[in-house]
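S.K.: here are the coordinates; sequence isn't available:
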């Protein structure tokens, strides 16, 4: 799952996967336009739907990992 | 200034700000401390905010809007353009509630109002260079870079450089609008699904002068019958479903003897009688469509075929939809 998430984020943000994997706590990797694209891609890929409160917290890769895995387990 | 400009988009609308929005402005602007490091501190005092708004109402060339979600009716942000001069204006005062997806469409609608209703020829924005996410957003949507202003903004005693980005009307229409419009539609569809659980195309209802008469035409197109014909006396129709690989499911319909249900469509040779959608929460779906000017044609009833509730509604462009409970 994490690998797929990194793939999606890398494709949309145009950043290297290896960089993302080693910067999972870094903020500022995407703007709100790219975040919307990521949300669509993640929701489609994992057949989930995020709450507004979760979207508001998606500022790092680790947060994305957290919310995707929570949603998938629901 | 006091203005009457508003615009409905897909999922959001812009409306003019009112004096009664003073508390709203405070709530939205103070909601996110992290975001606020690059904007001027505002007071929590509603009366002071109301004073600011009174001065704003007197100020020419300043257009302030509230961003509302068309589905939930919730307020999700603020946006403005101001300092109008020689057909150009600066845009900003742009604040979106945490977690809201209103950003993209709010910018789209603001640009449309500025160019199509106010008649401006250019909008520009000045963003603190350190505010990288916002600078990146402006670049991502296609706004053009003009210049860097040194020490342009002072926030809480610190001076910051600002990057100026802009778009004229032609550039907006050719490059920015298509991108934003597409994303806005996607966000609306997502918001709709969230509101009603699911919203999936199911079938097209086709008006025929006779099912048996027109069936060979659809057979030629690759369609095969599913099950048997059924009659819905309440609706005054007889129907049968057809399927074909890679094509939409269709429901051929004919009037029952003595019924005139399909007559208006048949007289105009209008084959598409309705488009049907599966929805999880049919009652919420009906409310949302009614809020968007749709009218109920046939109220809730149990479908003869699906044994679930259905509801027929006419949209404001005279297209009919059938909502089919999952």
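M.R.: All right, it came through fine. Small disclaimer: the values here were computed from a predicted structure and weren't measured. Residues are numbered from 1 along each chain as shown, chains lettered A, B, ... in the order given.
S.K.: helix, strand or coil for the one residue in the stretch 1-150 of chain B that gets nearest to chain A?
M.R.: Nearest to chain A in the stretch 1-150 of chain B, going by C-beta to the nearest C-beta, is residue B:99, at a distance of 3.2 Å. Where C-beta positions appear, they are placed from N, C-alpha and C, glycine not excepted. At residue B:99, secondary structure determined by DSSP: H, G, I helix; E, B strand; the rest coil is coil.
S.K.: Which pLDDT value goes with it?
M.R.: At residue B:99, the pLDDT value in this model is 90.
S.K.: That one: what's it in contact with?
M.R.: A:51, A:52, A:53, A:54, A:55, A:56 (C-beta atoms under 8 Å, 6 or more residues apart in numbering or on different chains).
S.K.: Might you enumerate the residues of chain B proximal to chain A?
M.R.: Residues of chain B found near chain A (C-beta under 8 Å from any C-beta of the partner chain) are B:96-101, B:103-104, B:132-134, B:136-137, B:140-141, B:183, B:186-187, B:190, B:193-194.
S.K.: Go through the residues you listed and flag which are in helices.
M.R.: B:103-104, B:132-134, B:136-137, B:140-141, B:183, B:186-187, B:190, B:193-194 (DSSP state H).
S.K.: Count the residues that sit near residue B:195.
M.R.: 17 (other C-beta atoms under 10 Å in any protein chain shown).
S.K.: And for it, nearest residue in space, chain neighbours not counted?
M.R.: residue B:71 (4.9 Å; C-beta to C-beta, 6 or more residues apart in numbering or on different chains).
S.K.: For residue B:171, give its distance to residue B:47.
M.R.: Counting by C-beta to C-beta, to the nearest Å, the gap from residue B:171 to residue B:47 is 42 Å.
S.K.: What are the boundaries of the helices in chain A?
M.R.: A:2-13, A:17-21, A:32-46, A:52-57, A:61-73.
S.K.: report the angle between the axes of the first one and helix A:32-46?
M.R.: Computed by axes from the mean of the first three to the mean of the last three C-alpha atoms, to 10 degrees, the angle separating helix A:2-13 from helix A:32-46 equals 140 degrees.
S.K.: Contacts only, for residue 69.
M.R.: Here I'm looking at chain A. Residue A:69 touches residue A:1, counting by C-beta under 8 Å, 6+ apart.
S.K.: wrong chain, I was asking about chain B
M.R.: So residue B:69 contacts B:11, B:12, B:75, B:76, B:100, B:102, B:191 (C-beta under 8 Å, 6+ apart).
S.K.: Adding neighbour count and pLDDT as columns, could you present the contacts of residue B:99 in JSON lines?
M.R.: As requested, these are exported to JSON lines (neighbours: other C-beta atoms under 10 Å in any protein chain shown; pLDDT from 0 to 100):
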{"residue": "A:51", "neighbour count": "12", "pLDDT": "86"}
{"residue": "A:52", "neighbour count": "14", "pLDDT": "84"}
{"residue": "A:53", "neighbour count": "10", "pLDDT": "87"}
{"residue": "A:54", "neighbour count": "19", "pLDDT": "90"}
{"residue": "A:55", "neighbour count": "18", "pLDDT": "90"}
{"residue": "A:56", "neighbour count": "16", "pLDDT": "88"}
